[in-house]
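J.: below are the sequence and a predicted model for it; my questions follow.
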Amino acid sequence: MSTEPHASLWPEGVDRIIRDEVDSTMAEAARLAPDLRRPTWVMAHRQTAARGRQGRAWVNPEGNLSATLLMRPEGGPADAALRSFMAANALFEALALHVDRTKLAVKWPNDVLLSGGKVAGILLESMGTSQGVEWLAIGVGVNLKAVPDGVQDAAFPPTALAEHGDLVGPEDFLEKLAVNFATEEAIFAELGFGKIREDWLKRAARLGEVITARTSRAEITGTFESIDEAGNLILRTPKGAEVIAAADVYFS
Ligand SMILES: O=C(O)CCCC[C@@H]1SC[C@@H]2NC(=O)N[C@@H]21
């Protein structure tokens, strides 16, 4: 855990915009997109209509981090989607500066767990065609200070960093996250998804154990074997390997 004051480490070539209040940093990033040429983190102290995955609402009390990175990635939608694993790796390492890292884990497809509770979620939205991505928005919500009220996910109840480690302000945390995400981008550019995947798997909750994936059509239980080069979940079942592109995951 770090308490030392540090010089600004903000990554070169990346911008940041901090608002007091917006509806959602995803919506704000989309509105700003036509005017943004460089990767830009859009952070807000308050969101009035924050969104989570699968159309769920997201509640972020003030003091938690609400931010979206707007970028123009090279490559197609499949490469863009891999950024959720890069964001998870970057979040894991930023959190590990403030809490015992053995309590942290990433959960497929894009959550970070702390002592088994959800401490951070990631939401990807993009604009473009099947050929190319015009822009990608990577939204992150991190329970730095407080747990949101009224969240109905009994499997992974929300938890906050401050309950287990340091109390960190959203601006400070964003800086560490931005640095870590820039490092993930450099790794991706130099070594490809293989290294990102390897790092993510080292941090994955329940790797090698039996888990359940609930898709829109079925519930599949099997041994969590890996993720593939496209980021799909691989479960080993008595019928063979199941390759799962989208699901909610539950632990037994
Ligand atoms: O469902 C999830 O786990 C993803 C949650 C993502 C929430 C963040 S908070 C910042 C950004 N703005 C939003 O409206 N949503 C994302």
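T.: Received it, and whenever you're ready, just let me know what you need. Numbering: from 1, shown residues only.
J.: domains in the chain, by residue range?
T.: Using automatic domain parsing, the domain parsing of the chain gives 15-202, 210-251.
J.: checking the closest residue to the ligand within the chain next. Helix, strand or coil?
T.: Closest to the ligand within the chain is G121: 2.2 Å, counting by C-beta to the nearest ligand atom. C-beta here means a position set from N, CA and C on the backbone, and glycine is covered the same way. State at G121, reduced to three classes by DSSP: H, G, I helix; E, B strand; the rest coil: strand.
J.: disregarding flanking residues, what is the spatial nearest neighbour of the residue sitting nearest the centre point of the chain?
T.: The C-alpha lying nearest the average C-alpha coordinate of the chain belongs to I122 (C-alpha atoms, centre = their mean; 3.3 Å). Leaving aside its sequence neighbours, I122 sits nearest to N110 (C-beta to C-beta, 6 or more residues apart in numbering; 4.0 Å).
J.: what about the stretch 1-150 of the chain, any weak spots by pLDDT?
T.: Applying pLDDT under 70 to the stretch 1-150 of the chain picks out residues 1-7.
J.: what does this protein have sitting close to the ligand?
T.: By the rule C-beta under 6 Å from any ligand atom, the part of the chain lying against the ligand is 24-26, 47, 50-53, 56, 58, 60, 66-68, 111, 121-123, 139-141.
J.: which residue ranges form the strands in the stretch 51-200 of the chain?
T.: 65-71, 104-107, 111-114, 117-128, 133-142 (DSSP state E, counting those that start in this stretch).
J.: reformat those as CSV; add distance to D199.
T.: Output for the strands of the stretch 51-200 of the chain, formatted as CSV (distance: least, C-beta to C-beta, whole Å):
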stretch, distance to D199
strand 65-71, 19
strand 104-107, 10
strand 111-114, 13
strand 117-128, 16
strand 133-142, 17
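J.: out of those strands, which one sits most buried?
T.: Among the strands of the stretch 51-200 of the chain, strand 65-71 has the highest mean neighbour count (mean count of other C-beta atoms under 10 Å), at a mean of 26.
J.: tell me what that strand is packed against?
T.: Helices and strands touching strand 65-71, as assessed by 3 or more C-beta pairs under 8 Å, 6 or more residues apart in numbering; DSSP states H and E, comprise helix 25-32, strand 40-47, strand 133-142, helix 170-191.
J.: what's the most buried one of these?
T.: Comparing these by mean neighbour count (mean count of other C-beta under 10 Å), strand 133-142 ranks first with a mean of 23.
J.: got the angle between that strand and helix 25-32?
T.: 150 degrees (axes from the mean of the first three to the mean of the last three C-alpha atoms, to 10 degrees).
J.: bridged to W41, which residues?
T.: Note on W41: beta-bridge partners R16, L69, judged by DSSP bridges.
J.: wait, it sits on A178?
T.: Yes: counting by C-beta atoms under 8 Å, W41 does reach A178; the two are 5.6 Å apart.
J.: list residues touching both of these two?
T.: Here W41 and A178 have 14, 16, 69 as joint contacts, going by C-beta atoms under 8 Å, 6 or more residues apart in numbering.
J.: residues in contact with the last one?
T.: What that stands for is L69. 29, 39-42, 87, 137-138, 140, 178, 181 are the contacts of L69 under C-beta under 8 Å, 6+ apart.
J.: switch to 10 Å and redo it
T.: L69 sits next to 14, 16, 25, 29, 39-43, 83, 87, 90, 136-140, 174, 177-178, 181-182, 185 when contact means C-beta atoms under 10 Å, 6 or more residues apart in numbering.
J.: the second one too?
T.: With contacts defined as C-beta under 10 Å, 6+ apart, the neighbours of R16 are 10, 39-43, 67, 69, 171, 174-175, 178.
J.: closest to G116 out of these?
T.: A67 (24.5 Å; C-beta to C-beta).
J.: among the contacts of R16, list the two that are farthest apart in space.
T.: Maximum pairwise distance among those (C-beta to C-beta): 17.6 Å, between P39 and E171.
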